[in-house]
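J.: Using only what follows, build the 3D model:
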Amino acid sequence: LRNAQFQANEGTFTVNGALQNLVPFLFGKKNLNVVADVESDKVLLDKWLAMGGEGSGEQSASVNINLDVNTDLITYDKLKGEGFTGNITMIEDRISLQNIRCRTMGGSVWANAKFVMRDQGDFEVSGKVKAVDVPTVFASFRNFDQNVVMSDQIEGTLTSDFRLRGKLNNKLEPKASSLAGRSSIQIANGRLHNLAVFDELIDYIRENKMADLFFKKHLEDLRSRLADIRFDDLKNELVISNNMVSIPSMEIRSSALDLNMEGTHSLDDNIDYHMDFLFKRLKMQEEVYTEFGKITDDNTGMRIFVHMYGTSSDPTVELDRERKAANRREKIKEEEEQVKALLQQEFGLFKKDTTLHLKETPREEAEFLILDDDDTLEDPGDLNKPERERPRRNKERINRFYERWLKQEETEKEQEAEIEIEAG
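T.: Below you'll find the model as predicted:
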């Protein structure tokens, strides 16, 4: 074939290549083998796949193809790709896509894939997505069949490496229960706005009499901040297995609230999220300055633990007492380790325990010092005099230990205050 042209399914195609066994194939005696370069202005995959049926019938002869494809536009459902290039190989019911590249959703995609096109057939897809527009992704995939975050409520660009495998059903669609894979994601210049789930969180806090008593002056301010959240960069790795998407623990730093989050989201829309944040963040998020300068946030203080579960369309939000208790136990264990580390350093106890490391509180250097007229500095005395006799070694150890202990006690008083907030 040289520059053979034809039209099919609204597209115009130009083919250069070779056909093998064409006549025997027409009589159903041999498979047709096609090796060709194909160029097209448009490929509507929905229409081409509809011509193939469900892949369950037996044929006396089939078509084997090896095509290098270049098309201006390719579509499938709401997905659109431009500048599509790649190699497509089909031998009987096996399809292989190699080095597929196209521009889509404001960014670009590169992928390899293999499919066994029959009921219970295996498939595997891997690739990279670079700087695609998140709202377009949500719209193209019909908001992933959920209504917590819609395409008009999210912004940002997504970059991801992914690998996914599973099985197909009798309609040649992926079976959700068979999916397994992982994906590293990075969202830049992100924004979430007008999410009903954040209103439900504020309403829950307001219904809690103790929490409302402490923060009633700040809840509406927090509600307005949560109505429009912006974050610069969000990174994580999602794991898909056993009908579940697992979200490992990650820190989300945003314009409204800095929080830690982890959880699971099943493919049949059940959610189980755990979040925690500093209680003082309900009152303050921006930097605070006083007459003495900027207040440095040391990320200590009481933490609020929240559990969100149920379905994404009707979630339940409540305080997470189990996570709070686990956090308390972890703090106690950490304090015990610090006491042992002090005793090891000062008195040589627990020498065999190589896991002990003293956690030093970072010290900040003053930028400048202003002395009033009445301020004086202590006279260091005659520096030429011989050094005083050192005190006894044990007394010196005890003094150092006592000073560090007092310093640690002062630091711990500023750290998380574990109090129970009981619903009225």
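J.: Just give me how far the helix or strand that contains residue 189 sits from the chain centre.
T.: Secondary structure from DSSP states H and E places residue 189 in strand 180-193. In terms of CA atoms, centre = their mean, to the nearest Å, the centre of strand 180-193 is found 5 Å from the chain centre.
J.: Now that strand: buried residues?
T.: 181, 183, 185, 186, 187, 190, 191, 192 (16 or more other CB atoms under 10 Å). Placement of C-beta: from N, CA and C, glycine included.
J.: In a markdown table: the residues you listed, plus pLDDT and distance to residue 341.
T.: A markdown table is the format used below for the buried residues of strand 180-193 (pLDDT from 0 to 100; distance: CB to CB, whole Å):
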| residue | pLDDT | distance to residue 341 |
| --- | --- | --- |
| 181 | 96 | 42 |
| 183 | 94 | 40 |
| 185 | 94 | 38 |
| 186 | 95 | 37 |
| 187 | 94 | 39 |
| 190 | 93 | 40 |
| 191 | 93 | 44 |
| 192 | 92 | 42 |
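J.: could you pull out the helices for this protein?
T.: With DSSP state H, the ranges of helices along the chain come out as 22-26, 45-51, 134-140, 196-207, 209-226, 321-347, 393-414.
J.: related to what we said a few turns ago, tell me the one among the buried residues of strand 180-193 nearest to residue 226.
T.: residue 192 (8.6 Å; CB to CB).
J.: Show me the residue at the heart of this protein, geometrically.
T.: When CA atoms, centre = their mean is applied to the chain, the residue found nearest the centroid is residue 236 (3.5 Å).
J.: returning to that earlier point: name the helices or strands packed onto the strand holding residue 189?
T.: strand 154-167, strand 228-241 (3 or more CB pairs under 8 Å, 6 or more residues apart in numbering; DSSP states H and E).
J.: re earlier: if I pick the residue nearest to the centre of the chain, what's in contact with it?
T.: By CB atoms under 8 Å, 6 or more residues apart in numbering, residue 236 lies in contact with 184, 185, 247, 248, 250.
J.: Same list (those residues) but as TSV, adding distance to residue 314.
T.: Shown next, in TSV, are the contacts of residue 236 (distance: CB to CB, whole Å):
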residue	distance to residue 314
184	31
185	26
247	20
248	25
250	25
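J.: Out of those, flag the one nearest to residue 140.
T.: Nearest to residue 140 among the contacts of residue 236, with distances taken as CB to CB, is residue 185, at 16.4 Å.
J.: beta partners of the closest residue to that closest one other than its chain neighbours?
T.: Computed as CB to CB, 6 or more residues apart in numbering, the closest residue to residue 185 that is not its neighbour in sequence is residue 160, at 4.8 Å. As for beta bridges, residue 160 partners with residue 129, residue 185 under DSSP bridges.
J.: picking that back up, so of the buried residues of strand 180-193, which two are at opposite extremes in space?
T.: Among those, 181 and 191 lie farthest apart (CB to CB), at 27.5 Å.
J.: what distance separates stretch 151-161 from the centre of its chain?
T.: 11 Å.
J.: ok, residues contacting that stretch?
T.: So stretch 151-161 is contacted by 106-107, 127-139, 143, 183-195 (CB under 8 Å, 6+ apart).
J.: before we move on, back to that, ok, of the buried residues of strand 180-193, which one's closest to residue 42?
T.: Residue 42 lies nearest to residue 183 out of the buried residues of strand 180-193, by CB to CB, at 30.0 Å.
J.: In contact with that closest one: list those residues for me.
T.: Going by CB under 8 Å, 6+ apart, the list of residues near residue 183 reads 160, 161, 162, 163, 164, 237, 238, 240.
J.: follow-up on the earlier one: TSV for the buried residues of strand 180-193, including distance to residue 95?
T.: Formatted as TSV, the buried residues of strand 180-193 follow (distance: CB to CB, whole Å):
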residue	distance to residue 95
181	19
183	22
185	27
186	30
187	32
190	36
191	38
192	38
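J.: burial of residue 196, as a residue count?
T.: Residue 196 has 12 neighbours, counted by other CB atoms under 10 Å.
J.: That one and residue 275: what is the separation?
T.: Applying CB to CB, to the nearest Å, the value for residue 196 to residue 275 is 16 Å.
J.: does residue 255 really touch residue 227, like I thought?
T.: No - the pair residue 255 / residue 227 is not scored as a contact, 11.0 Å apart, by CB atoms under 8 Å.
J.: so the closest residue to residue 18 other than its chain neighbours bridges to which residues?
T.: In this structure, residue 18 finds its nearest non-sequential neighbour in residue 35, 5.4 Å apart by CB to CB, 6+ apart. Using DSSP bridges, the bridge partners assigned to residue 35 are residue 18, residue 66.
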